[in-house]
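Sequence and predicted model, in that order:
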Amino acid sequence: MNIKKVVIVGGGSAGWMTAAALVRRFPGKQLDITLIESDVIGAVGVGESTIPPIRQFNEFLGIDELAFVRETKATFKLGIRFLNWGELGGDYIHPFGSVGQDFAGIDFHHYWRRARSIGNKVPFDQYSLAAVAARQGRFQFPERDHPLLSSFNYSYHFDATLYATFLRRYAETRGVIRREGVVNSVLKKSSSGFIEIIGLESGEKISADLFIDCSGFRALLMKDVGAQFESWKQWLRCDNAIVAPSEKAMLIPQPYTQSTAKSVGWQWSIPLQHRVGNGYVYASDYISHADAVRIFCEDVTGKLLAEPRRISFSAGQYKNNWEKNCVAIGLSGGFLEPLESTSIYLIQYAIQKLIEYFPESGAFDTNAFEFNKQLNKEYIRLRDFIIMHYKEVNREDSTFWRDCKNMTVPDELAARQMAFSCAGIVDHSQYGVYAAVCIGQGLIPKYHDIKINRLSDAQLMRALNEVYKQVTEGSALMQNADKFIDSLIGEHRK
């Protein structure tokens, strides 16, 4: 069986990213692609914070960056700032790009660790150009050949609804067909359990060879094909979020996502060109909904532009995101709270793997096996990274944080953290600048790499001071982040 027709159920970021990528990969009507969505249902998106791989996705589609920034009201992002994580009063940035320089093949955090033992008080993230520029509200594009401006990366904050609209135009002009409607029935082949036809409330029946579930938390098709959900609540206790946009009232530009830990859970702030996206992620076992709304409203900067709304979720993943002839992409396949801005990334990663293992010849079993293996590995990698934020804390101010601190974590994460806490060993297959997050959370290695003992204290401090000087000078060369966007798109915010 050759795959000739694909049906995507659900729009939003997941649906239209999938449609755009498939029509890009299979142009000229190689595939008949239909997307079904309903204006009645709407999307979860409340403003998205992303990580640098989103740039590769847009480049794959051939999207002009200027048009993307203009149409989605995007701002630039240099990292994530964590307040009150690790301990009350804690403040660190997980930057996009390197921290310091690796001398003689030895990770910079070993040099920083030894310097700390002889009295150096400079925080680890102050050796990162991305982190320093972010705190100062500065931004410019990296310059590959510039010694000071080539050590960082960037991503975006954008309006998820506008991004979906942007990609819808892209996909429809290239042949994707959109159908308005609500799915109310699924007909499967009795012999194989494969989906054959889906029915809409209008009475219309739509058939396809491959079905892609982008229906969000409802997971309409995944549940129908019998996929099994695995909960991770024993490690990730948060199960609700309060969300609402607010007016932009920042005196200094914020080219970073801000995550502020509360007595229960955490609150985000995502600045766009025209507003700020806000959300409070909390655990309903530890705090009432009414108290969560009160805390959320107290800490929002700027006037709320809509009534706060509640989103309930379960942290976890369907064991197989590809079941029979149904592939789940986005929230229909699993959910990790957006602490490290990985929601859009997981959509992108699933799309990438779907294209890589696309069953053009109808070889579903082998392709599905490889797809699921890769996706499961990525989900667990990111799951453990987020668990680490909750585990590595020195907070005793609430039952929530005491329970997080004392929980038993997955074996691989426990071994990874032991290696770092003892000898500063980093598994470089891990997500982001792992050392920056470990140190930011208060996990300082007990020992540094012994090979750097060949440096005298004076030599060591000269090397670190030179890095600090370069970072300071590099940040001074960058522009005010808001003015950079104004000059880029040629229009000013109201």
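Received the coordinates, thanks. Numbering: from 1, shown residues only.

Can you list the residue ranges for strands in the stretch 51-200 of the chain?
Secondary structure of the stretch 51-200 of the chain by DSSP state E, counting those that start in this stretch: the strands cover 75-77, 79-83, 91-95, 138-139, 155-158, 177-180, 183-188, 195-200.

which outside residues touch the second one?
Which is strand 79-83. 49, 90-96, 128, 130-131, 134-135, 256-261, 340-341, 389, 440 (CB atoms under 8 Å, 6 or more residues apart in numbering). Using the backbone N, CA and C atoms, a C-beta is placed for each residue, glycine as well.

Could I have the buried ones of these as PyMOL selection syntax?
In PyMOL syntax, the buried subset of those is picked out as below (16 or more other CB atoms under 10 Å):
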select buried, resi 49+90+91+92+93+94+95+96+128+130+131+134+135+256+257+258+259+260+261+340+341+389+440
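
Return the residues in contact with the residue most central in space within the chain.
The centroid of the chain falls nearest to T342 when counting by CA atoms, centre = their mean (1.7 Å). T342 is in contact with I51, L336, L382, Y431, counting by CB under 8 Å, 6+ apart.

what's the closest of those to D397?
The closest of those to D397 turns out to be L336 (CB to CB; 25.2 Å).

burial measure for that closest one, as a count.
22 (other CB atoms under 10 Å).

pLDDT at it, what is it?
Looking at L336, its pLDDT is 96.

Ramachandran coordinates for it?
In terms of degrees, to the nearest 10, the main-chain angles of L336 are phi -120, psi 130.

Roughly how far does it sit from L220?
Applying CB to CB, to the nearest Å, the value for L336 to L220 is 21 Å.

repeat for L331
Separation of L331 from L220 (CB to CB): 12 Å.

of the two, who's got more company?
Counted by other CB under 10 Å, L331 and L220 do not tie: L331 has more neighbours, with 24 against 21.

Now do the contacts for the more buried one.
Counted by CB under 8 Å, 6+ apart, L331 has contacts A14, V44, G216, F217, A219, F313, S343.

By neighbours, which of those wins?
Of these, with other CB under 10 Å as the count, A14 tops at 33 neighbours.

Shouldn't that residue be within a helix?
Yes: the assignment for A14 by DSSP: H, G, I helix; E, B strand; the rest coil puts it in a helix.

Just the local confidence number for the closest residue to it other than its chain neighbours, please.
Excluding the flanking residues, the one nearest A14 by CB to CB, 6 or more residues apart in numbering is G330, at 3.0 Å. Predicted confidence (pLDDT) for G330: 96.

So G330 sits against S13, correct?
Yes: taking CB atoms under 8 Å as the definition, G330 is a contact partner of S13 at 7.1 Å.

higher neighbour count, the two?
Just comparing G330 and S13: by other CB under 10 Å the higher neighbour count belongs to G330, 30 against 25.

Tell me how far the residue nearest to A14 lies from R218.
Note on G330: its distance to R218, by CB to CB, is 11 Å.

Which one (most neighbours) among the contacts of T342?
Neighbour counts for these peak at I51, which has 25 neighbours (criterion: other CB under 10 Å).

For that one, list the residues it contacts.
F96, S155, E340, S341, T342, I344, Y345, G432.

mind redoing it with 6 Å?
When contacts are counted by CB atoms under 6 Å, 6 or more residues apart in numbering, I51 is found next to S155, S341, Y345.

can you list those in JSON lines and add pLDDT and distance to F103?
Converted to JSON lines, the contacts of I51 look like this (pLDDT from 0 to 100; distance: CB to CB, whole Å):
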{"residue": "S155", "pLDDT": "98", "distance to F103": "28"}
{"residue": "S341", "pLDDT": "95", "distance to F103": "30"}
{"residue": "Y345", "pLDDT": "97", "distance to F103": "31"}
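
Tell me, how many residues neighbour the nearest residue to R218 once chain neighbours are set aside?
Nearest residue to R218, sequence neighbours excluded (CB to CB, 6+ apart): S332, at 7.2 Å. Using other CB under 10 Å, S332 is surrounded by 28 other residues.

S332 contacts L220, correct?
No: between S332 and L220 there is no contact, the gap being 7.5 Å when judged by CB atoms under 6 Å.

which stretches of this structure aren't confidently modelled?
Low-confidence segments of the chain (pLDDT under 70): 1, 41-47, 491-494.

domains of it?
With domains defined by automatic domain parsing, the chain comprises 5-47+159-231+316-382, 76-157+410-480, 240-312.

what's the closest of those domains to D403?
Taking CB to CB, domain 240-312 is the member of the domains of the chain nearest to D403, at 8.2 Å.

OK, contacts around the closest residue to K77 other than its chain neighbours?
Of all residues not flanking K77 in the chain, S155 sits nearest, at 4.8 Å (CB to CB, 6+ apart). Contact analysis of S155 by CB under 6 Å, 6+ apart lists T50, I51, P52, I54, K77.

D449 now?
I106, H110.

do you know how far it is from A104?
The value you get for D449 to A104, if CB to CB is used, is 10 Å.

residue ranges for the helices of the stretch 101-250 of the chain, please.
Here the stretch 101-250 of the chain has its helices, by DSSP state H, counting those that start in this stretch, at 108-117, 129-135, 160-172, 220-224.

ranking those helices by burial, who's on top?
Of the helices of the stretch 101-250 of the chain, the one with the most neighbours on average (mean count of other CB atoms under 10 Å) is helix 129-135, at a mean of 27.

before we move on, the earlier item: out of the contacts of S155, name the two that are farthest from one another.
I54 and K77 (9.8 Å).

Between these two, which is the more surrounded one?
With neighbours defined as other CB under 10 Å, I54 and K77 compare such that K77 has more, 29 against 22.
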